[in-house]
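Peer 1: My questions concern the predicted model and sequence given below.
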Amino acid sequence: MNTTTNDWKDRKKYLWLLSPLLPLLGLLAVGAYAAGAPALLLWTGPILIFAVVPLLDLLVGVDPVNAPESAVPGLIAQRYYKYITYAYIPTQFALTIAGAVLVAGGGLATWELVGLILTVGTINGIGINTAHELGHKTGRLDRTLAKLTLAPVAYGHFFVEHNRGHHKNVATPMDPASSRMGESFWRFLPRTVIGSVRSAWTLETARLKRQGKATWSPHNEVLQSWALTVLLFGSLVLILGPVVLPFLLLQAAYGASLLEVINYIEHYGLLREKQENGRYERCQPHHSWNSNHVVTNLVLYQLQRHSDHHANPTRPFQALRHFDSAPQLPSGYASMLIAAYIPPLWYRLMDPRVVAHYEGDLLKANLHPAKREALLRRWCDSAVPELQQAA
């Protein structure tokens, strides 16, 4: 939905602060616990992401309004929006350090430690989206901060693979970050983690070879990013003791899994058509699942307007557009990630939508090879009521 008012203003301008508010809330919760507040505060992260944000999405609803193109240059010129992404980083690091200090102090019950791991991991996992936003920029500072933001979650290779791998191969069988219809999240997770590391290393090796540089050198951006993690974790272990290393690794693993569950949602079952010349068609709006649920979009820098992001990777979050032709999720990412953890529920919600999107022709969909025949048998005589409901 496009607006045409010449003096258009961003009604959500100050609501975008919800994103950098998240690590601040996590830091305040950990600080309050250290000062004697109830231990339930250590579960702030999962409570926010699994309960508060989905509930607010349901209550607030959707907003399909696009900024008019005449207003976009002004939106892009406002550094305020860039500062919002910068604001996430200091409190993200402060929370990671505070969590490590708390662990080093000892005395945490198991359920408290689990809550702390999930809270710090949640904030660092969402921080990958900050790195995602900054990593698509061309400025040296933004790209350096993107690598820095990935350090607490130990996922620095994402900087290379996402920009040069995923955006090229999205919605094709070659992309480890595009999930297939009939593939559960739990099958997708090891495939995408291993595949993304391999892809990043291959891409960076090829780039350095073209430049006549060695793979194992300071010029390797994968190694640069991983080195930041080693520096951060190594410093905390040196200062606080080896006891904090399991905490740091577990929160990083959980944070990375949050990125991958979002990846799982974004392109499930969608496939770009292969042309006669052997190349895949250009990525179109109908190759990404989208959502206009307001609160998740505020928290994730409008990542849910994913089609426009793939069409225009450098377009800043405040200017991303809704496309009527893009397939829509039944709810926001925060709600859908819960469904993704439960394969029968996910299939019930999403498989009819994939079939409806392709008007019953699953030969056009990205199918999990192990489930291909079963899916074709299941949907060859498509249940009309299911398709109508999904549509």
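Peer 2: Yes, it's here. Numbers count the residues shown, from 1 in each chain.
Peer 1: what's the least confident helix or strand in this protein, going by average pLDDT?
Peer 2: Ranking every helix and strand in the chain by mean pLDDT, DSSP states H and E puts helix 384-390 at the bottom, with a mean of 47.
Peer 1: And the helices in the stretch 101-250 of the chain?
Peer 2: Secondary structure of the stretch 101-250 of the chain (DSSP state H, counting those that start in this stretch): helices at 110-135, 140-150, 158-161, 167-169, 185-210, 221-240, 244-266.
Peer 1: nearest to Ile49, of those?
Peer 2: Distance to Ile49, taken as Cβ to Cβ, is lowest for helix 110-135 among the helices of the stretch 101-250 of the chain, at 5.5 Å. (C-beta placed from N, C-alpha, C; glycine too.)
Peer 1: between that closest one and helix 140-150, how many degrees?
Peer 2: Here the directions of helix 110-135 and helix 140-150 differ by 160 degrees (axes from the mean of the first three to the mean of the last three Cα atoms, to 10 degrees).
Peer 1: who does helix 110-135 touch, helix- and strand-wise?
Peer 2: Counting contacts by 3 or more Cβ pairs under 8 Å, 6 or more residues apart in numbering; DSSP states H and E, helix 110-135 packs against helix 18-34, helix 44-47, helix 79-105, helix 140-150, helix 158-161, helix 244-266.
Peer 1: if you average pLDDT over that helix, what comes out?
Peer 2: Mean pLDDT, helix 110-135: 97.
Peer 1: Tell me what angle that helix forms with helix 221-240.
Peer 2: 140 degrees.
Peer 1: In helix 110-135, which residues are buried?
Peer 2: Residues of helix 110-135 classed as buried by neighbour count (16 or more other Cβ atoms under 10 Å): 112-113, 115-135.
Peer 1: Report the contact partners of the residue lying closest to Leu116 once chain neighbours are set aside.
Peer 2: Excluding the flanking residues, the one nearest Leu116 by Cβ to Cβ, 6 or more residues apart in numbering is Leu42, at 4.7 Å. Going by Cβ atoms under 8 Å, 6 or more residues apart in numbering, Leu42 touches Ala29, Val30, Tyr33, Glu112, Gly115, Leu116, Thr119.
Peer 1: With distance to Phe93 as new columns, can those be given to me in a markdown table?
Peer 2: A markdown table is the format used below for the contacts of Leu42 (distance: Cβ to Cβ, whole Å):
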| residue | distance to Phe93 |
| --- | --- |
| Ala29 | 16 |
| Val30 | 13 |
| Tyr33 | 19 |
| Glu112 | 22 |
| Gly115 | 20 |
| Leu116 | 16 |
| Thr119 | 15 |
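Peer 1: what two of the residues you listed are the furthest from one another?
Peer 2: The two members of the contacts of Leu42 with the most space between them (Cβ to Cβ) are Ala29 and Glu112, at 12.0 Å.
Peer 1: so how many other residues sit close to the closest residue to Ile128 other than its chain neighbours?
Peer 2: Of all residues not flanking Ile128 in the chain, Leu259 sits nearest, at 4.6 Å (Cβ to Cβ, 6+ apart). When neighbours are counted by other Cβ atoms under 10 Å, Leu259 registers 26.
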